[in-house]
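Undergrad: Following is a predicted model, sequence given first.
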Amino acid sequence: MARVLIIGGGVAGTATALALHKAGHDVTVYEAHPDTAEDIGAFLTLASNGMRALAQLDAARAVTAVGFPLRTMRLLDDRGTETAHVPLGEADDALLRYRCLRRGQLNAALQREAVRRGIDLRHGARLVSVAAHPDGVTAHFHDGSSAGGDLLVGADGLNSAVRRAVAPDVLPRYAGQRVFYGYSPFAPGEDTGHITMVRGTTAAFGYAVAPAGDTYWFARVTGEPLPAGAARGPWRDRLVELLRRDATPAADIVAAGALMATDATDLPLGTRWRAGRTLLIGDAAHAASPATGQGASMALEDAVVLAKSLRDMPGIETALSVYETIRRPRAEHNVMVSGRISRGTHALSRTAGGPGPRPHEDVLVRQLDWDTDIRAALDGADGAD
């Protein structure tokens, strides 16, 4: 049994805590935010691969208690004409269906499940520095406290404090698009249960109608990075003006509600993931632009593969090496594809850049299956996407 310190109580960190606890390790999660932060952040979509990972952690039902399922994807052109309507992922399996939910809802659901299982989750613990030792690592926090462990997992997101200790020269980079998102009381007369992607002339737009009747939406607009402090600036009118150029519901959806704005960013390929007993996972290691919608699902995959690697391999160093061998090709493929879409250097698929068929899906299934030894997942790891 290893003593593991997890920095970050978001999706990646809490899922990793659930996975390592299931594997028999002693885990403590340190979250800088003072509470569960249920209202923080945009909505996200968990794909079938992310839901499969949750199922291996016995946490799928905790997550399906919030948000709503998505069974199909519609594609509209700039005239509002439907050009495709296709099933999403493993829609026939209730636990593996795509799910649309607010990021804060997902965080809170995972944290509640972690607390229910007796995992120590400490809020208001902001990391200041990491000190490495031959057989372990110590985390120092802003209140003067410290904690030691056999392994420290940095799951603290795009602007990771842990990454400063592992790869201090690596910074997030702009991926070529401004990203807007919001929740609107205007619903374009559609049923719930599907997401609509609009291939517009000025923006990539997507929306889903929730069972309560409100609409979750996002827009990606190519251009220069947002000015500093622009997250809640006068962007709604400008975005509506752009969207009015097309004959789609997008402009009316945006005009009816508030929005938030951010830049699409990612991390360079080849970013260092580990140093000694310190490991980066999730967005801290392989943040991608939001174009493929796979960020949270990739973090959930990370959690399962890390726990299995530590469970099945002899020693922490070997386990971390195996984890990186398995995860890096798949995670960096997602960063590359998503970045190409955002930067306009990769043609969109007929489903507007959504997850396409995976020719080696059986490899991913072996990697995530809790009862399969991680060594069985090493064969074909390079082609797991």
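TA: That came through fine. Numbering: from 1, shown residues only.
Undergrad: all contacts plus neighbour counts: C-alpha atoms, from now on.
TA: OK.
Undergrad: from the chain's centre, how far out does stretch 190-198 sit?
TA: What separates the centre of stretch 190-198 from the centre of its chain is 21 Å, taken as Cα atoms, centre = their mean, to the nearest Å.
Undergrad: ok, now stretch 213-227?
TA: On Cα atoms, centre = their mean, the centre of stretch 213-227 falls 17 Å from that of its chain.
Undergrad: One more: stretch 139-150?
TA: On Cα atoms, centre = their mean, the centre of stretch 139-150 falls 27 Å from the chain's centre.
Undergrad: Okay, now that stretch: how far is its last residue from its first?
TA: Across stretch 139-150, the terminal residues are separated by 11 Å (Cα to Cα, to the nearest Å).
Undergrad: Now do the same for it: mean pLDDT, whole number.
TA: The average pLDDT for stretch 139-150 rounds to 96.
Undergrad: longest strand anywhere in the protein?
TA: Longest strand in the chain, counting residues (DSSP state E): strand 173-184.
Undergrad: would C100 count as being in a helix?
TA: No. Counting by DSSP: H, G, I helix; E, B strand; the rest coil, C100 falls outside a helix, being strand.
Undergrad: what's the distance between it and R71?
TA: Plainly put, C100 is 10 Å away from R71 if you go by Cα to Cα.
Undergrad: how about stretch 242-261: buried residues?
TA: Residues 242-243, 246, 248-255, 259-261 are the ones in stretch 242-261 that count as buried (16 or more other Cα atoms under 10 Å).
Undergrad: could you give me the average pLDDT of that stretch?
TA: 94.
Undergrad: What is the burial count for the closest residue to Y181 other than its chain neighbours?
TA: Leaving aside its sequence neighbours, Y181 sits nearest to F218 (Cα to Cα, 6 or more residues apart in numbering; 4.1 Å). Here the count is done by other Cα atoms under 10 Å, and F218 has 24 residues near it.
Undergrad: just to revisit the earlier point, out of the buried residues of stretch 242-261, which are inside strands?
TA: Per DSSP E, the buried residues of stretch 242-261 map to strands at 259-261.
Undergrad: Just the residues contacting whichever helix or strand comes after the longest strand of the chain, thanks.
TA: As assigned by DSSP states H and E, the chain's next helix or strand after strand 173-184 is strand 194-199. The contact list for strand 194-199 (Cα atoms under 8 Å, 6 or more residues apart in numbering) reads 69-78, 80, 204-209, 248, 351-352.
Undergrad: Tell me which strands strand 194-199 pairs with, and in which orientation.
TA: Strands that pair with strand 194-199, judged by DSSP bridges, come out as strand 72-76 (parallel), strand 204-209 (antiparallel).
Undergrad: Relative to T265, which of those strands is closest?
TA: T265 lies closest to strand 204-209 among the strands paired with strand 194-199, at 16.2 Å (Cα to Cα).
Undergrad: most tightly surrounded among the strands paired with strand 194-199?
TA: Highest mean neighbour count of those: strand 204-209, a mean of 24 (counted as mean count of other Cα atoms under 10 Å).
Undergrad: would you say the residue nearest to Y181 is within a strand?
TA: Yes. Secondary structure of F218 (three-state DSSP): part of a strand.
Undergrad: I'd say L310 and E317 touch.
TA: No. Counting by Cα atoms under 8 Å, L310 stays clear of E317, with 9.1 Å between them.
Undergrad: Which of those two has more residues huddled nearby?
TA: L310 (24 against 14).
Undergrad: Specify the local secondary structure of the spatially most central residue of the chain.
TA: Nearest to the mean C-alpha position of the chain, by Cα atoms, centre = their mean, lies A296 at 1.9 Å. Under three-state DSSP, A296 falls in the helix class.
Undergrad: Please identify which of C100 and R71 sits among more neighbours.
TA: Neighbour tally, C100 and R71, criterion other Cα under 10 Å: the higher count belongs to C100, 25 against 20.
Undergrad: Am I right that the more buried one is in contact with T64?
TA: No. Applying Cα under 8 Å as the test, C100 and T64 come out as separate, 9.6 Å apart.
Undergrad: nearest spatial neighbour of L259, skipping sequence neighbours?
TA: Sequence neighbours aside, G182 is the residue nearest to L259 in space, at 4.5 Å (criterion: Cα to Cα, 6+ apart).
Undergrad: Can you name every helix or strand that the lowest-mean-pLDDT helix or strand in the chain contacts?
TA: Lowest on mean pLDDT, DSSP states H and E among the helices and strands of the chain sits helix 361-368, with a mean of 89. Helix 361-368 is packed against helix 48-56, helix 295-312, with contacts defined by 3 or more Cα pairs under 8 Å, 6 or more residues apart in numbering; DSSP states H and E.
Undergrad: Now the last one: buried residues?
TA: Of the residues in helix 295-312, 295-311 count as buried by neighbour count, 16+ other Cα under 10 Å.
Undergrad: Next: stretch 84-98.
TA: Neighbour-count burial for stretch 84-98 flags 88-91, 95-98 (criterion: 16+ other Cα under 10 Å).
Undergrad: got any ranges where the protein has weak pLDDT?
TA: The chain contains residues with pLDDT under 70 at 36-41, 229-233, 346-359, 380-385.
Undergrad: Scan it for its longest helix.
TA: helix 316-343 (DSSP state H).
Undergrad: Now do it against strand 204-209, angle only.
TA: Counting by axes from the mean of the first three to the mean of the last three Cα atoms, to 10 degrees, helix 316-343 lies at 110 degrees to strand 204-209.
Undergrad: Having no further points to raise, I will conclude here.
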